[in-house]
Structure formats: C-alpha cells, structure tokens
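**Student:** I'll drop the sequence and a predicted model, then ask my questions.
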There are 2 protein chains.
Amino acid sequence: MDSKGFREAAISSIDEIINYYDNIGDRDVVSTVEPGYLRKLLPSEAPEAGEPWGDIQRDIEAKILPGITHWQHPGFHAFFPCATSYPSILGELYSSALSGACFNWICSPAVTELETIVLDWLAKLLGLPECFLSTGPTRGGGVIQGSASEAVLTAMVAARDKYLRETVPADLDEEAREDAIAHKRSRMVALATTMTHSSTKKAAIILGTRFKAVPVHAKDSYALTGPVLAAALADCRARGLEPFFLAATLGTTDTCAVDDFAGITSALADFVPAGSPGEVWVHVDAAYAGAALVCPEVQTATGINLVSGFHSFDMNMHKWLLTNFDASCLFVRDRNWFIQALSINQAVYSNAATDGGLVTDYREWQIPLGRRFRSLKIWFVLRSYGASGLQAYIRRTTQLGEDFASWVRDRPDLFEILTGPSFALTVFRMAGRTEDDTLEQRNAMTKALCEKINGTGKMWVTSTLLDGKFAIRMMTGVRLTEKEHVELAFKTFVDTAEDILKS
Amino acid sequence: MDSKGFREAAISSIDEIINYYDNIGDRDVVSTVEPGYLRKLLPSEAPEAGEPWGDIQRDIEAKILPGITHWQHPGFHAFFPCATSYPSILGELYSSALSGACFNWICSPAVTELETIVLDWLAKLLGLPECFLSTGPTRGGGVIQGSASEAVLTAMVAARDKYLRETVPADLDEEAREDAIAHKRSRMVALATTMTHSSTKKAAIILGTRFKAVPVHAKDSYALTGPVLAAALADCRARGLEPFFLAATLGTTDTCAVDDFAGITSALADFVPAGSPGEVWVHVDAAYAGAALVCPEVQTATGINLVSGFHSFDMNMHKWLLTNFDASCLFVRDRNWFIQALSINQAVYSNAATDGGLVTDYREWQIPLGRRFRSLKIWFVLRSYGASGLQAYIRRTTQLGEDFASWVRDRPDLFEILTGPSFALTVFRMAGRTEDDTLEQRNAMTKALCEKINGTGKMWVTSTLLDGKFAIRMMTGVRLTEKEHVELAFKTFVDTAEDILKS
C-alpha cells in the first residue's frame, strides 16, 4: 500500500467510522453471534499473495461488526463505560504513525516528556495532593499503564520491595539474608476488601504472596471503614502475618463504594505509623470513579486530599474520561519506589542521557520494557474538551444516574435500590410480590428482569451479587447516552417488571 | 468535535502522516532536544476551555516532532526495528473506533475470535508445531500480549503454578501445604543466559523467585548449548535449588544468537524427562528474529520443529513484521496452564457464554483484565502483504545485513566482525592499529566511531559489550531502509574509521 493507496483507504475508513458512530443506536448493543461464528467465515490460513484493501475493508462490516458488542452504544449500561471521543481517536492515529518502542527517554524524548506533563495536568485537574506531581516535594509523578491491573501489580511489586528493604536487617551475610527474606515473604500479606477489584488478588497471585479479602458490609455501603480495617490488621498480626499492602478503592466495581480514607489513615497509624519502616503501602484504585474528580465538588465529597498519606493512586482515563482504551494513569508519591524495584540495566540500553541521570526512563516504572505514545491522546482530549468540557460531561452523565435512581425510587412496588446512585451507577433489584418472598424468588425475578431487558437487544445491563442478592447494575456514563435513552431504559424496566410480577 | 469536524481533522492528519513518511529521510534520526525541552513549551495545566483542533495539530509539528526519534527512518539501525506499515495503521484506526474493554468473549466475540484465528494463521506461517495451534491436539493456542516482557512474565507465572501443582503433595493439610509451598518457592530458580533479554530477570523479580544467568561464550556464538545447560542444571541441584523455568532465545538482543534447541532438549531430558512432574518449563523468546520464520529456509535453519517439546513461544509482530507496537504473539502448548494460574472469577463478569465453558476468555491468558482489539492490525497486515509479501520483506532486509557484513569483512584493516550477520544484525568493532593495541584502546576507538556516526544525525546505531569488548550493532530491518542507505552507512563508517585510525 503506497501513500496514495493509504490516503484513499484512510479516508474511506474515516467515513465508515463516522457512519458507525452516527448510526450506532440502530444496532443491537450486544453481539448475538454464536461461539465459533468467525472461523466459519474466514479461511484457515493467511493468503499467499497480498489482497487489495477493498476486499479487506468489506469484511469489516460483513464479518467483524456482527461480532462486536458496541461499548459506545447509548444503550450500553453494562460494567463501566469505555468512552471514546474523536480527539482521542486522532491521538491513536498519530501515535500509530510515530510508532516506536519508547522505553528510554532518548528513544523519543517527546514520548516521555509529554507523558510527565499531561499526567501533571491530570493530577492537578483531579485535585490530587502535590506529592503525586512530578514537580512535587517528594519526587513523585505519573506514568501511563495499560490497565488498572498492571498498575496495581506495579504498585504491589514496589511495595514488597520497599517492605523487605525496610524490615530485613541489612547487615546479614548473603545466606542469612536469603533465609530472612524467604521467611518474610511467606508471612507477608496483601489486603483488600471483598469488593476490591479482582486485579488486586491477581497481583498477589503473580507475586506469590498471601492475599486477604476483608469483608465489608451493607450497613457501611460496602466501603472499608477504619474499625473494620483495624480488626483485620490485628487479626493478621495475631496469626503472625505481616500486612504490607492495602488496596483502597474509590468507586468499587460492584457498587461504586468509596472506602473511608480518613478511617483507613487512622487505623494504619495505630498499626505502623506512616513513614516508619514496615508501614503498609496504600494503593488507591480509582479506576472508574477517579474520572469524576475533575469536578471540585467530587474532590470535596470523597476527601481526595487525604490520599496524600497514601503511596500510589490509579485512575483510567479510558473508562469515563473520553479516552480510548488504554490509558491507566498511575501516580506514585516517590518515583524511587518504582525504580528501586523495577530497574534493570542491560548494556544495549546504555546512553548518555540515561547514564547522566537527567531524564526519566519510564521502563523503570512499569512491567514491560517498550511502550506506546499514549500521552498523545490524553493531551488531545484534555485540550479539546478543556477542564470545563470534561466537568460538563461527568456532571451530565452523573445526573442521568440520579434521574434514573429517582424514578426507580418512585416505584417501590416494583424495585428496591440496594446501592447508589453513586457515580452514575445504580444497583437495584425487583421488589418482592409480598413480604414473604424468599431470597431465591427475588433473585429469580431479578434475573428474569435482567435477561428480558438484555433480550431486547436495545440495551445491556450487567448484574452482581450483594450478600447473595442478585442485583442489576445500571450505568449511565457512555458519551452518547442521553436522557431519552435512560427514559426508554426505565420504561422498559417498568413494563418488564410489571409483566414478571403478573406472571 | 462533531462528525464533520472529525472528518476534516482526520483527513488533515492523514495528509500530515503521509507527508511525514514521504519525507522522513530529510529529518535527523535521533532527536537532539535537551532534557526538559517540552515543559518550556507547554502551559503548566490543562486549559479551562476546549481548544480548536487547528491549534492542537499545529503543536504536533512545532513541539512534538522535534522530540521524536524516528524509528521508521531509513537510517535507523539501532536496537531492533519497530516497523509500521499503512495497513497496520488502518488496523489501529478501526481498533480505536471500536474501543471496548474486551476481557470476555461476550464483550465482543469478534475481538476474541479474530485473535484466535489470526494467531493460528501466524503459527502456521512461522512453521510452529501443531501443538501451538488452537485447533491442535494439546489444546494450545495464541494470545496477543503488549510486549515480550508481559509474555515471559505470563509464562513464568504459569510455569511456577504448574511446578508447584506437580511437586507439592496434594494430600497435605492446609498449614502443612502452605509450609511446603513456601519452602519450595524459596528453592525454585528461573534460568536464562547472560545474553537473554532482561525481561526474564525482571519477571523473576516480579515473582520474587531466584534467577540464574548461565554464562554463554563467544566460541558458541553466545548461544546456550546442551552441555552448558546440563552443567548449570547440575550445579543448581547440587546447591539444593530447583530449576522450574528456562528462557531459550531465538535471536538474542545483543547478537541475534539462536540457542541450541536440540541440545537444550537433550540436557533437560537427562534432568527431568519431558512430561514428568517437575519438568522445566521452556519459554522461547523469539521477540525479534521470530519474524524471519515466515521464510521456510529459516524454519529449517533454526530447527523450529524442535520447539514442540517446549511450553511457550513468543514473537513480536511489532518488531520486524510490519505491525505497529504493540503486538507480541504468545503461544502456549496447553492453554490450561495459563488458565489455571490466572483465572479469577468475580460475579460482575459472569455471563452465559463464559459460564457455559464454550468460549475463550482471554483475560485468563494474561496479566491485565481489559484488552484492545489488536488482532485487527495483524489481520490487515497478513492479508495486505500475504505470506509472499512478508517473506520478500524479511529476505530483502536480511540481504541488506549480509551485504553490509560482506563489505565490513572486506576491510579487515578497519573492522572486525564479532558476530553475524544474523537476522539483519552485524556486530563489529574497530580493528586495532597494531597487534599490540589494548582492549581499552580498541574500545575507545570503537566508541569514538559509534559516537561520530550518530553525531551525523543521518543514522543511529547502538552498541553493546561482548566479553568486555565495546561493539557496534548495525541492524538493517526498517521497512524504508534500502540498499543506498546501507551503502551510505558503510561509507560513513569507513571514512570515520579512517579518520580515527589516522588521529
């Protein structure tokens, strides 16, 4: 494909993408293909000779789009959003053209420097304490990771390294030191709650470290509180275990609960004072709801200033902040914690800028070596929308969630809200026909409601289990979702619930 | 930005990208900005109001491109290539438009199914044994990872899990089992060679497991041989350590050495027979040179059929196979090894297709949960070039390496080849002025040559150290590199070397 061929192909692709977005509401949200559909449509091996672009492009609509579940569809109310925007797509376009494996500063200084700068912009916009800025007093800063899973893994590796450095005596001989570390490792435990995202447990599995899920309760809105944490820490200590890592969440996956940062701070201070050797590393997972911090009122409501006592903070611009997957923004209070844990030198990567210590080499802040130019799309989004545009979007979609919840609340004959609205997410279930309905009956009715709603093809909601209660999660954060779509969703819920109650 | 605005912005971006590629040779290869250049050019925070696209786009040429090191430049002879192509850029474009967090099959069946299919296409094209196909007899298959680092980490986690499952007695009570596992963990060791990519060591650090780098030697062309491995295994056993993982390399970073697969197979068979409990997991890192396996003659020369006795194989299409970063293609002989190690269930991800066990959920084959639609660009590249187009590209750039090496060989008064040409890579240094030149003198001259060459701005080579010998790595794999560029590079090397010898 030469330049001319590329120009034609690209313009035709752009037109197809615009047409896709302009008419996305006409499609069913969730793909209805059968498992294995695509293998029947494609040859069993790559062609021997190259094919013309037209043949390839035709297959996108004919063979790929039927197998796509449309995350940008206004009726997508499942999971969390994965909101794109046109400026973000342009960012990916330039990034792909400027492709390189930019692991070191010299491999493209702009890739490193723009990342540091836009993450500082973002930290300020989110109201993060100054310690998470690259220009802050603690030599902190931000790095873009592929996902919140990689972010929590990176943080946990750094936390383990820091803990061992601080608690294993430095003056042992090599063999004694190895034994001491092996013993420590076998006692160390990472803490999270039963509502923490599974990626924390996965990180602990990868590290081969113990993991403890602290139960949280409906009466606390499924948030981690100080007393609950204090009890869990005491229990660990009583069993000879050593907590070294805690994942706190701002906006849990199931219900968008926000853990009690003040309570956590206080419980930890009583356990091992902050800054003392062997302190517990606190990683804040704000993957989804962190986006809402662009609004000052959310900064206040969540007490985001309190995270200054914690160690790392992560949020995904690729969920609710109009940026393509992937853009997980991880901030650390002291970049040396990452570098000490993850830096490895190899002769072939030696260069004057690195060796001079003047620059950031982000390979030392992450699991992989190479990296894409992901800051470009963040830069485009922050500039195209501006702070005010992003705030308007978050407030509008949050309000859609408030509206939906208020309508649900007005129909206690049909529905019961279990949590929310919180960050555009409402979790609810069917009301019982009578007081005597069993949990199983309510669950079966709610499950039926969920399946029938999804069966319309016009919307997609996902479900969860809260203390054994089957519940529907209704999320209103997609960029193209407008009030009319939420009204339609509510009407469909009502009609379907009435049918179920009648039957 | 509405559809109309996007169309204009996108076409203008496409034109800028075409202009960038058409004239890339006019730019200096390596950016010459000073550390911190970009902060001086950008505001210290995100704008309050959105900015028009024209202002943003102007900043790309004015502020970003001066900070870009051009990996697609015909004079880029550093590291390994990171070769893009127009079809691949189109793949990224569509992928960004169809953005979703496709962790489960149902989240977009096409994303999962196309990945399985194109990785089968690729496995066949590379001549991988049938056990690495999703349709093969051992329930293997491929998965796209972000980088070879993530691939080796994934493989090592699965290897550790498999080893513990096979070697820790299943009938212990919980406490005894935990103790047994802790003891095992402290004795387990991952093996690689002194030439293996640093990502294997990094994976071992992340796992918190021991790591042993087995020295390899110039007389073996820096490849791992059977006897050297056998000695290393015996040494581990004598010290009470338990090898569970070996990274074998097809095309090492420093010299593109290929480890001796037959020797490795034989040494391992004598240690723990393949398929027995506690066998050593062998991961083949073919990150760069694996691309050349599209040529049947390379399949024969490297003995790729022998990897059927190994456990996982990884190659990066984003290095030498015309696909944008990132596309690291990881194949495993039995997918259950990944799933058993990495599967975590959370109620919110439950769905009929997953629960029915009919589909692949790639989140169980990788570290992160979410994933991009990366198979699209691979599909576009395989179809646009066809097998014959990819073979032609690999053969052409390999031949450029042969040409360069033959010219170097013809000037023993100036140069000495240390390794290669191997997979378009030649590693060489300055000849001594006399027999009596010390290592330090030869190193200083070669370093001066490297710096002067890079100082021209017209090309970029990187260096390495082989047994203390400073050496230049000259790689000719970039898509836009033609014979005239390699001739110019050689002439510049000659002129500069002559100057250095004179002075």
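**Tutor:** Thanks, I have the structure now.
**Student:** going forward, measure contacts between C-alpha atoms and count neighbours the same way
**Tutor:** Fine.
**Student:** correct me, but residue A:420 touches residue A:427?
**Tutor:** Yes - between residue A:420 and residue A:427 there is a contact at 6.3 Å, judged by CA atoms under 8 Å.
**Student:** interface residues of the stretch 101-250 of chain A facing chain B?
**Tutor:** Neighbours of chain B within the stretch 101-250 of chain A, by CA under 8 Å from any CA of the partner chain: A:101, A:106-111, A:113-114, A:117-118, A:120-122, A:124-125, A:146-150, A:157, A:182, A:186, A:198-199, A:202, A:205-208.
**Student:** show me those residues that map onto strands.
**Tutor:** Judged by DSSP state E, the subset of these located in strands is empty.
**Student:** among those, which ones are in helices?
**Tutor:** A:109-111, A:113-114, A:117-118, A:120-122, A:124-125, A:148-150, A:157, A:182, A:186, A:198-199, A:202, A:205-207 (DSSP state H).
**Student:** wait, what's in contact with the residue lying closest to residue A:103 once chain neighbours are set aside?
**Tutor:** In this structure, residue A:103 finds its nearest non-sequential neighbour in residue A:370, 4.7 Å apart by CA to CA, 6 or more residues apart in numbering or on different chains. Neighbouring residues of residue A:370 by CA atoms under 8 Å, 6 or more residues apart in numbering or on different chains: A:101-103, A:363, B:147.
**Student:** and residue A:370, helix, strand or coil?
**Tutor:** coil (DSSP: H, G, I helix; E, B strand; the rest coil).
**Student:** quick one: residues contacting the single nearest residue of the stretch 401-503 of chain A relative to chain B.
**Tutor:** Of all residues in the stretch 401-503 of chain A, residue A:464 sits closest to chain B, at 4.8 Å by CA to the nearest CA. Contacts for residue A:464 were tallied using CA under 8 Å, 6+ apart; they are A:254, A:470-473, B:347-348.
**Student:** quick check on the residues you listed: which are buried?
**Tutor:** A:254, A:470-473, B:348 (16 or more other CA atoms under 10 Å in any protein chain shown).
**Student:** in strands, which of these fall?
**Tutor:** A:470-473.
**Student:** residues near the closest residue to residue A:242 other than its chain neighbours, how many?
**Tutor:** Distances taken as CA to CA, 6+ apart place residue A:188 nearest to residue A:242, at 4.6 Å, with adjacent residues excluded. Residue A:188 has 21 neighbouring residues, counting by other CA atoms under 10 Å in any protein chain shown.
**Student:** next: residue A:236.
**Tutor:** Quick note: residue A:236 (other CA under 10 Å) scores 18 neighbours.
**Student:** how about the secondary structure of the spatially closest residue to residue A:277 that is not a sequence neighbour?
**Tutor:** Leaving aside its sequence neighbours, residue A:277 sits nearest to residue A:166 (CA to CA, 6+ apart; 5.1 Å). Classification of residue A:166 by three-state DSSP places it in helix.
**Student:** ok, which pair from the buried ones among the contacts of residue A:464 is furthest apart?
**Tutor:** By the measure CA to CA, A:254 and A:470 form the most distant pair in the buried ones among the contacts of residue A:464, at 11.4 Å.
**Student:** so for stretch A:326-334, mean pLDDT?
**Tutor:** When pLDDT is averaged over stretch A:326-334, the result is 97.
**Student:** tell me how far the ends of that stretch are from each other?
**Tutor:** 24 Å (CA to CA, to the nearest Å).
**Student:** is any residue of it near chain B?
**Tutor:** Yes - interface with chain B: stretch A:326-334 contributes residue A:326 (CA under 8 Å from any CA).
**Student:** returning to that earlier point: who has more neighbours out of residue A:420 and residue A:427?
**Tutor:** Per other CA under 10 Å, whichever of residue A:420 and residue A:427 has more neighbours is residue A:427, with 25 against 20.
**Student:** for the residue lying closest to residue A:430 once chain neighbours are set aside, give me phi and psi.
**Tutor:** Excluding the flanking residues, the one nearest residue A:430 by CA to CA, 6+ apart is residue A:415, at 4.5 Å. Main-chain dihedrals, residue A:415, degrees, to the nearest 10: phi -130, psi 160.
**Student:** do I have it right that residue A:415 meets residue A:408?
**Tutor:** Yes - proximity of residue A:415 to residue A:408 meets the contact threshold set by CA under 8 Å, at 6.3 Å.
**Student:** in contact with the residue sitting nearest the centre point of chain A, which residues?
**Tutor:** Centroid-nearest residue in chain A, with CA atoms, centre = their mean: residue A:287, separated by 3.1 Å. By CA under 8 Å, 6+ apart, the contact set of residue A:287 is A:148, A:250-251, A:314-316, A:319, A:328.
**Student:** what do you get if the cut-off is 7 Å, keeping everything else the same?
**Tutor:** A:148, A:314-316 (CA atoms under 7 Å, 6 or more residues apart in numbering or on different chains).
**Student:** before we move on, what SS does it have?
**Tutor:** coil.
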